[in-house]
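Asks: Provide a 3D model corresponding to the input given below.
(chains A, B, C and D)
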2 protein chains.
Amino acid sequence: MEELTPRKERILSFIISSYVDSALPVGSRTIARRFGLGLSPATIRNEMSDLEEMGFISQPHTSAGRIPSDKGYRYYVNQLASRGSAPTEAIKKIGEEFRDKIRSLDELIERTSRILSSVTSEIGVVFYPHFGDLAFQHVELVSLGAGRLLSIWQTPSGIAENFIVDMGEPLGREDLGRITNFLNKELAGIPFSEMGALLERKRKEASDSLVRFYELALRLVRESVERTTSERFCFDGSSLLLEKPEFRDIEKTRHLFQALDDRKQFASVFRASSGGAGVRVFIGHETNCGELWDCSLIASRYFLKEVPAGSLGIIGPRRMPYDRLIPIVDCVSRHFADALERIL
Amino acid sequence: MEELTPRKERILSFIISSYVDSALPVGSRTIARRFGLGLSPATIRNEMSDLEEMGFISQPHTSAGRIPSDKGYRYYVNQLASRGSAPTEAIKKIGEEFRDKIRSLDELIERTSRILSSVTSEIGVVFYPHFGDLAFQHVELVSLGAGRLLSIWQTPSGIAENFIVDMGEPLGREDLGRITNFLNKELAGIPFSEMGALLERKRKEASDSLVRFYELALRLVRESVERTTSERFCFDGSSLLLEKPEFRDIEKTRHLFQALDDRKQFASVFRASSGGAGVRVFIGHETNCGELWDCSLIASRYFLKEVPAGSLGIIGPRRMPYDRLIPIVDCVSRHFADALERIL
DNA sequence: TTTAGCACTCTATTCCCAAGAGTGCCAGAA
DNA sequence: TTCTGGCACTCTTGGGAATAGAGTGCTAAA
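Replies: From the prediction side, this is the model:
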């Protein structure tokens, strides 16, 4: 990205913060007046004309002020990254919210999305963690009768996930013990997501006496662990969107809500957006989702025992106070990861 | 509710179906023209004037046609109840949707809310079942290390729920066995929701050697089974609301979405609305929720082993094709209950 | 390089008017 | 008694036209 002169940068920055505040296009007059620098509107106009030509701002129509473009926001956000302050007010509130005892994963997820939306006044989104990349250590099977099992999968660090599985055929106590031992021996240390493939491979080479074990094990894995790849998430605060002036237009808003309703599509947008570590920001068309052209995403990946496990963040209009919201999402993300490890 | 003459009833019914179709106030002229009966607009006007005085219809303003009132819809819906047909088209589709294998409770809930909204074009809502009224039969405890337990609770009919609980203190294998036996003996046959109170009572009279067991048991119950009373639900299709002409007004719609965002409040509205068996309809102010004055609820309670366990339904504008939607909600409710028993 | 001035453009608001839809009421017909 | 045609009245809706206001681009001078 090209560099801007300090003056252009200040003007761009002013346009952004003013527009973020008011949702109104910003004119040269306003800038000259509320801008420390002793410059006349005419000078500002020349600078703005340059900025427009370079693509950082645009005009809704000929006789309106300027509004920031994707590129303008992007430049601003990149500048921000180097500084990165944190609003102590919000940080304190977040800390308090997470201090309450949270007892289940569901509660944590719902709670966190609520916190995100209440602190930022945007839509808060939290994805359920997936465990695929964690290493397996130990499984326990409990019979529930009629061929149904409860399987409890643990990692070396003590994280546990469990599933009810219908095995189709009833299994005796003895069988159960054997399968348990078999799984614990065969799969120790393997990441959950690779169990299926591994069992598949081994089954082909297995002696006849073991084939049945491999098949039962495979069924168990398929019906339980492999389910976690599904992309569940929870979001909260959609009514906040309707308060923003850019969503006064029903048609526009409807399309946006359609995108949110299509959970599959939305999950893929969000997931794509949160590769890499740390907080990442996706502005307007950067989301790669047509309906979200006037929205931005601030997403953060969270980790479980150093392994990426899911993401969370907020979604709102492009016109966002990025300087305030980026550190907030980061802060919530850390608290969430902590709380997650405490629960699992 | 007072009786209407057959002619008034036919007119009311026509006004409702026309208004449901078009969202436009209905005038006497329209009725006279598209109404089999050879009556002049003037006659119809007189009848309408009566209906208005009786409170079944109202005028948005002096020179507009009439629209149905809560009372009008209510009369219509009550009439419907006696007939109760079912749209085979939709029934077939619902059956197909439920035929797919559904593997977890979460999946079933999300799926069902999606089906509800796609078949009815309204918002579909499904509450998670609560198990409080089911009888307890058997519990199993599995240690996860560091004082954390997985507890698996079963009913006589084989339904299982499980929870991870942090007991605060590590428990040896022997302790675990004792507590398991203790719980199974003390609580057999008790409904889940009454376990806490029962243990509390018994603890007071217990001999010193048993107090510790009661306390551990109480902690276990408090941290696990009693959580299920929380009112979780899932809904889908909120973008469909924005397509309806009555929600073109952003302010009005915002209030509605605020009500939906407040999950606690919404849960209580919905739950209050679904007392009793069978499908129940709540029109406008009957929902007892200010923000929902222009909405209706069609709710059905579902059962688990003959015990009411939760509810599901749809929410949309008052202007709803009740005749079509009531049987649909009923149908989904039945399929859901079946699927639920298959899963748990 | 900056500034002041000026003509120009486009939006948003207001007001007015006419068209249209629907009603209520009354007097007369069935 | 019940129904109908006619008529005056009311109220919303939509389409200009006029106006005010905001903001720009350009040019010439400091």
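
Asks: if I look at the spatially closest residue to A:Arg319 that is not a sequence neighbour, how far off is DNA strand D?
Replies: Of all residues not flanking A:Arg319 in the chain, A:Val20 sits nearest, at 5.2 Å (Cβ to Cβ, 6 or more residues apart in numbering or on different chains). No exception for glycine: its C-beta is placed from N, CA and C like everyone else's. A:Val20 sits 16 Å away from DNA strand D, going by Cβ to the nearest atom of the strand, to the nearest Å.

Asks: Can you name the residues in contact with the host helix or strand of A:Val20?
Replies: Here A:Val20 is covered by helix A:6-22, with elements defined by DSSP states H and E. Outside helix A:6-22, the residues that touch it by Cβ atoms under 8 Å, 6 or more residues apart in numbering or on different chains are A:4, A:24-26, A:30-31, A:34-35, A:37, A:44, A:47-48, A:50-51, A:56-57, A:66-68, A:72-73, A:75-76, A:79, A:319-321.

Asks: redo that, cut-off 7 Å
Replies: By Cβ atoms under 7 Å, 6 or more residues apart in numbering or on different chains, the surrounding residues in contact with helix A:6-22 are A:4, A:26, A:30-31, A:35, A:44, A:47-48, A:50-51, A:56-57, A:66-68, A:72-73, A:75-76, A:319-321.

Asks: mind saving the C-alpha coords of the helix or strand hosting A:Ala81 as PDB?
Replies: Element membership for A:Ala81, per DSSP H and E: helix A:70-83. Presented in PDB, the C-alpha positions along helix A:70-83 are these (Å, rounded to 0.1, in the frame of the first residue of the first chain):
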ATOM      1  CA  ASP A  70     -12.700   0.100   1.900                       C
ATOM      2  CA  LYS A  71      -9.200   1.100   1.000                       C
ATOM      3  CA  GLY A  72      -9.400   4.200   3.300                       C
ATOM      4  CA  TYR A  73     -10.500   2.100   6.300                       C
ATOM      5  CA  ARG A  74      -7.800  -0.400   5.500                       C
ATOM      6  CA  TYR A  75      -5.100   2.200   5.500                       C
ATOM      7  CA  TYR A  76      -6.400   3.500   8.800                       C
ATOM      8  CA  VAL A  77      -6.600   0.100  10.400                       C
ATOM      9  CA  ASN A  78      -3.100  -0.800   9.300                       C
ATOM     10  CA  GLN A  79      -1.800   2.400  10.900                       C
ATOM     11  CA  LEU A  80      -3.600   1.500  14.000                       C
ATOM     12  CA  ALA A  81      -2.000  -1.900  14.300                       C
ATOM     13  CA  SER A  82       1.400  -0.300  15.200                       C
ATOM     14  CA  ARG A  83      -0.100   1.600  18.100                       C
END
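
Asks: The helix or strand that that helix is followed by packs against which elements?
Replies: Next in sequence after helix A:70-83, counting helices and strands by DSSP H and E, comes helix A:88-99. Packing partners of helix A:88-99 (3 or more Cβ pairs under 7 Å, 6 or more residues apart in numbering or on different chains; DSSP states H and E): helix A:105-120, helix A:322-343.

Asks: what's the closest of those to DNA strand C?
Replies: Across these, DNA strand C has its closest neighbour in helix A:322-343 (25.8 Å, Cβ to the nearest atom of the strand).

Asks: got the buried residues for the closest one?
Replies: By neighbour count on 16 or more other Cβ atoms under 10 Å in any protein chain shown, the buried set for helix A:322-343 is A:322-333, A:335-337, A:339-340, A:343.

Asks: and the residue of the stretch 51-200 of chain A nearest DNA strand C?
Replies: Counting by Cβ to the nearest atom of the strand, the stretch 51-200 of chain A gets nearest DNA strand C through A:Ser63, at 3.1 Å.

Asks: any idea how far that residue is from A:Trp293?
Replies: 24 Å (Cβ to Cβ, to the nearest Å).

Asks: just the strands in the stretch 101-250 of chain A please.
Replies: Secondary structure of the stretch 101-250 of chain A (DSSP state E, counting those that start in this stretch): strands located at A:123-127, A:138-145, A:148-154, A:160-166, A:233-236.

Asks: Export these to TSV and append columns for mean pLDDT and distance to B:Pro156.
Replies: Conversion of the strands of the stretch 101-250 of chain A to TSV gives the following (pLDDT from 0 to 100; distance: least, Cβ to Cβ, whole Å):
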stretch	mean pLDDT	distance to B:Pro156
strand A:123-127	96	37
strand A:138-145	86	11
strand A:148-154	87	15
strand A:160-166	84	17
strand A:233-236	93	34
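
Asks: Deepest-packed of the ones you listed, please.
Replies: Comparing these by mean neighbour count (mean count of other Cβ atoms under 10 Å in any protein chain shown), strand A:123-127 ranks first with a mean of 26.

Asks: got the residues of the stretch 201-344 of chain A near chain B?
Replies: A:223, A:227, A:232, A:236-239, A:242-243, A:248, A:250, A:253-254, A:257-258, A:261 (Cβ under 7 Å from any Cβ of the partner chain).

Asks: And the furthest pair within those residues?
Replies: The span of these, defined through Cβ to Cβ, is set by A:Glu223 and A:Arg248 at 48.1 Å.

Asks: who's more crowded, these two?
Replies: Each of A:Glu223 and A:Arg248 has its neighbours counted (other Cβ atoms under 10 Å in any protein chain shown); A:Glu223 has more, 20 against 13.

Asks: Any of the residues of the stretch 201-344 of chain A next to chain B buried? List them.
Replies: Buried by 16+ other Cβ under 10 Å: A:223, A:227, A:232, A:236-239, A:242, A:250, A:253-254, A:257-258, A:261, out of these.

Asks: Just send those back as a markdown table, with distance to B:Arg148 too.
Replies: Below are those laid out as a markdown table (distance: Cβ to Cβ, whole Å):
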| residue | distance to B:Arg148 |
| --- | --- |
| A:Glu223 | 25 |
| A:Arg227 | 23 |
| A:Arg232 | 23 |
| A:Asp236 | 28 |
| A:Gly237 | 32 |
| A:Ser238 | 35 |
| A:Ser239 | 38 |
| A:Leu242 | 42 |
| A:Ile250 | 50 |
| A:Thr253 | 45 |
| A:Arg254 | 46 |
| A:Phe257 | 40 |
| A:Gln258 | 42 |
| A:Asp261 | 37 |
